[in-house]
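Colleague: Structure of the sequence below:
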Amino acid sequence: MDTLNTHCHTDIDPDVSQTLDIGHLRTILDAPARTPKAVRQQSLSIVEVEDAINNSAVRIHHQPQYDLYTGRILGVECLARIRLANGAVILPQHFIDTVENSRLAAPFAHEIASLACQQLQHIRCQGVHLPYVAINLSAEQLAADKDLAQSLTNLLHEHELCVDDLEIEITESQRLDTGSDAFETIHHLSAAGFRITLDDFGTGYSSISTLVDMPVSGLKLDRRLVSKLRRSDIARQAVQHLVKMGSALGLKVIAEGTQNVQEDISLSELGCRYGQGFGFCKPLPLDQIISFIKRPPVRR
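Modeller: Numbering: from 1, shown residues only. Take a look at the predicted model:
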């Protein structure tokens, strides 16, 4: 695993921010995707999500983060699922709002972290090398648990893991203001040694000032940006500049939503080293991710 700077520097090339036409970029990214409409499903209620937590119906699937050049697996992101009594598996878009806007924010985060630690320990007991697991935490979840750093540290010790084994990916459904409870929790996590990655960077609330103010070690480029890479010059320029900026700050930059080898090649040509997406591997349950890690696909 690469050694990364856990704090950022402010010597950013001014050309990086000045050459991007942000308004044009947002117009391109917000254009409707040319995909069939998915069947809309009603969101789970607070009672249903709480029942899932209490009855061990929360699941995680693992999606690898990999080296675009070699296919080497760096780690996996743990993606939440809820399995209903009838066997149906519910995806996050149908329960995450319920979680984040209720008293379940902290308990759900703890459940995912616990599963991630349990399953990493199990994977390693099978003789499989996996450097880390990553979990997603929203601003609401960070704000809901001021003792999160200590709780996660306790979980790691319980499963004979160390702080390098668990990465935190921050998803911003609201702005992270300096001085907020969420911002304070992020600094506690960093002080405890956790590596922190900003998710969906380039299209959400995150900005260059976020990188300066927050102790992050990585960025994940938004999948909408990556998906338009080969047909939009603006998207291509944006990726190139974001990768350049990330490298200048000593950050690990991961392109999210990679779909095929051609996309991997385009990204690598722009200086991006790491990716995550269905083109390499879809999210897999525990037994399948173990098999995949043992025999990953040959890239090039």
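Colleague: need the helices for the stretch 151-300 of the chain, in chain order.
Modeller: 181-191, 208-213, 223-227, 233-248, 261-269, 286-294 (DSSP state H, counting those that start in this stretch).
Colleague: Need those helices in JSON lines (columns: mean pLDDT, distance to residue 170 and mean neighbour count).
Modeller: Where you see a C-beta, it was placed from the backbone N, CA and C, and this is true even at glycine. Output for the helices of the stretch 151-300 of the chain, formatted as JSON lines (pLDDT from 0 to 100; distance: least, Cβ to Cβ, whole Å; neighbours: other Cβ atoms under 10 Å):
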{"stretch": "helix 181-191", "mean pLDDT": "94", "distance to residue 170": "7", "mean neighbour count": "18"}
{"stretch": "helix 208-213", "mean pLDDT": "77", "distance to residue 170": "10", "mean neighbour count": "16"}
{"stretch": "helix 223-227", "mean pLDDT": "89", "distance to residue 170": "16", "mean neighbour count": "21"}
{"stretch": "helix 233-248", "mean pLDDT": "92", "distance to residue 170": "15", "mean neighbour count": "19"}
{"stretch": "helix 261-269", "mean pLDDT": "93", "distance to residue 170": "22", "mean neighbour count": "18"}
{"stretch": "helix 286-294", "mean pLDDT": "97", "distance to residue 170": "23", "mean neighbour count": "16"}
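Colleague: For residue 94, find the nearest of those.
Modeller: Nearest to residue 94, of all those, is helix 223-227, at 18.7 Å by Cβ to Cβ.
Colleague: Can you name every helix or strand that the closest one contacts?
Modeller: For helix 223-227, the elements it packs on are helix 22-29, helix 233-248, strand 252-256, judged by 3 or more Cβ pairs under 8 Å, 6 or more residues apart in numbering; DSSP states H and E.
Colleague: Tabulate the ones you listed (a markdown table), appending distance to residue 51.
Modeller: As requested, the helices and strands packed on helix 223-227 are exported to a markdown table (distance: least, Cβ to Cβ, whole Å):
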| stretch | distance to residue 51 |
| --- | --- |
| helix 22-29 | 37 |
| helix 233-248 | 41 |
| strand 252-256 | 31 |
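Colleague: Of all the ones you listed, which one is nearest residue 69?
Modeller: strand 252-256 (12.7 Å).
Colleague: what's next to the closest one, contact-wise?
Modeller: Residues from elsewhere that reach strand 252-256 (Cβ atoms under 8 Å, 6 or more residues apart in numbering): 2, 4, 65, 68, 197, 199-200, 217-223, 226, 239, 242-243, 246-247, 267, 272-277.
Colleague: could you flag which of these are buried?
Modeller: By neighbour count, with 16 or more other Cβ atoms under 10 Å, the contacts of strand 252-256 hold 65, 68, 197, 199-200, 217-223, 226, 239, 242-243, 246, 267, 272-277 as buried.
Colleague: OK, contacts around residue 162?
Modeller: residue 156.
Colleague: Kindly apply the preceding question to residue 65 instead.
Modeller: With contact set as Cβ under 8 Å, 6+ apart, residue 65 has these partners: 73, 74, 75, 76, 77, 134, 254, 274, 275, 276.
Colleague: quick one: secondary structure of it?
Modeller: strand (DSSP: H, G, I helix; E, B strand; the rest coil).
Colleague: Okay, it and residue 54: tell me how far apart.
Modeller: For residue 65, the distance to residue 54 (Cβ to Cβ, to the nearest Å) stands at 31 Å.
Colleague: same thing with residue 245?
Modeller: 44 Å.
Colleague: So residue 134 belongs to a strand, correct?
Modeller: Yes: assessed by three-state DSSP, residue 134 belongs to a strand.
Colleague: Now it: closest residue in space, sequence neighbours ignored.
Modeller: residue 167 (4.0 Å; Cβ to Cβ, 6 or more residues apart in numbering).
Colleague: Is the one you found bridged to anything, and to what?
Modeller: residue 134, residue 195 (DSSP bridges).
Colleague: thought it was touching residue 136?
Modeller: No: using Cβ atoms under 8 Å, residue 167 is not in contact with residue 136, being 10.2 Å away.
Colleague: Please say which of those two ends up with more neighbours.
Modeller: When neighbours are counted by other Cβ atoms under 10 Å, residue 167 comes out ahead of the other of residue 167 and residue 136, with 26 against 19.
Colleague: Tally up the residues packed near residue 79, please.
Modeller: By other Cβ under 10 Å, 18 other residues sit near residue 79.
Colleague: Cheers, nothing more for now.
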